[in-house]
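J.: Give me coordinates for this.
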Amino acid sequence: MEFLPIKRALMSATDKSGLAEFAAFLAGNGVELVSTGGTRRMLDEAGLKVTPVSRVTGFPEILGGRVKTLHPHIHGGVLADKDNPEHVATLRELGIAPFDLICVNLYDFATAAAKGLDLKQAVEEIDIGGPCMLRAAAKNYHSILVLPSPAYYGRAMEEMRGNSMRVGLEFRREMSVLTFAATAAYDRMIADYLAAAAR
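T.: Residues are numbered from 1 along each chain as shown. Prediction:
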């Protein structure tokens, strides 16, 4: 798909800078917002209509927030190839709505590690659902836009304004590359931390 219409977005951000403004831009252009925990509360307080992830999954957040987006109604909506009729038919059959935009950034493990937490406390700051969503969306850039940092909100809005709320394939590919680089760096940081802790 060359130009992807943006109609449904999932937002889950540790770094919330610029997020309310970006979400307001999306909502003002008819985009459905879906969100988790603290991000949803922040968007609610900004006066935006937000669908909780738990309403999409039909399941509450569990294990102290460890499991909230790891669900077929999330990942099916992220990973479906919109150019593949079988994928589209499967979504329809199972009642899964596709996402067009994933706006996710990760738990700040670097800051947590710098606090000198004991190992068990530190591992609680390792993001699992976030990297899964980022990698899934980055893999499926032909059918979805992934934004792994507030640094890209301005460019995304520019792209949408210039293309009637659609985003081009080249921009989506560029964001995919940046996303895989971000998740690789995140995993490297955690691996280095755990290796040092074992010494």
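
J.: how about the lengthiest helix in the chain: buried residues?
T.: Counting residues, the longest helix in the chain under DSSP state H turns out to be helix 169-197. Buried residues in helix 169-197, defined by neighbour count with 16 or more other C-beta atoms under 10 Å: 171-172, 175-176, 178-180, 182-183, 186, 190, 193. Where you see a C-beta, it was placed from the backbone N, CA and C, and this is true even at glycine.

J.: low-confidence ranges in this structure?
T.: Applying pLDDT under 70 to the chain flags the ranges 59, 63-68, 117, 198-199.

J.: beta partners of the spatially most central residue of the chain?
T.: Taking C-alpha atoms, centre = their mean as the criterion, residue 104 is the residue nearest the geometric centre of the chain, at 3.3 Å. With DSSP bridges as the criterion, residue 104 is bridged to residue 12.

J.: ok, it touching residue 136?
T.: No. With contact defined as C-beta atoms under 8 Å, residue 104 does not count as touching residue 136 (10.2 Å).

J.: Show me the strands in this structure, by range?
T.: Taking DSSP state E, the strands of the chain run over residues 3-5, 8-13, 32-35, 51-52, 101-105, 145-147, 166-168.

J.: Can you tell me which helices and strands the shortest one packs against?
T.: Of the remaining helices and strands, those touching strand 51-52 by 3 or more C-beta pairs under 8 Å, 6 or more residues apart in numbering; DSSP states H and E are strand 32-35.

J.: what's the strand it packs on in contact with?
T.: 7-12, 23, 26-27, 43, 48-53, 56, 99 (C-beta atoms under 8 Å, 6 or more residues apart in numbering).

J.: thinking again about what came up before, got a list of what the residue nearest to the centre of the chain touches?
T.: 10-13, 130, 133-134, 137, 146-148.

J.: can you list those residues in TSV and add neighbour count?
T.: Shown next, in TSV, are these (neighbours: other C-beta atoms under 10 Å):
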residue	neighbour count
10	26
11	26
12	25
13	25
130	22
133	27
134	26
137	29
146	27
147	24
148	27
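
J.: Now compare these and name the two farthest from each other.
T.: 13 and 137 (14.0 Å; C-beta to C-beta).

J.: Can you verify my assumption that residue 119 contacts residue 197?
T.: Yes. Residue 119 lies in contact with residue 197 (C-beta under 8 Å); the separation is 5.3 Å.

J.: on that earlier part again, can I have the buried ones of the contacts of strand 32-35 as a ChimeraX selection?
T.: Filtering those down to the buried ones (16+ other C-beta under 10 Å) takes a single ChimeraX command:
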select :7,8,9,10,11,12,23,26,27,43,48,50,52,53,56,99
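
J.: Any chance of the strands of the chain in CSV with distance to residue 157 as columns?
T.: Shown next, in CSV, are these (distance: least, C-beta to C-beta, whole Å):
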stretch, distance to residue 157
strand 3-5, 15
strand 8-13, 12
strand 32-35, 15
strand 51-52, 21
strand 101-105, 11
strand 145-147, 10
strand 166-168, 10
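
J.: Just tell me which of those ends up closest to residue 159.
T.: Here strand 166-168 is closest among those (C-beta to C-beta), at 4.9 Å.

J.: Pull up the pairing partners for the closest one, direction included.
T.: Applying DSSP bridges, one finds strand 166-168 paired with strand 3-5 (antiparallel).
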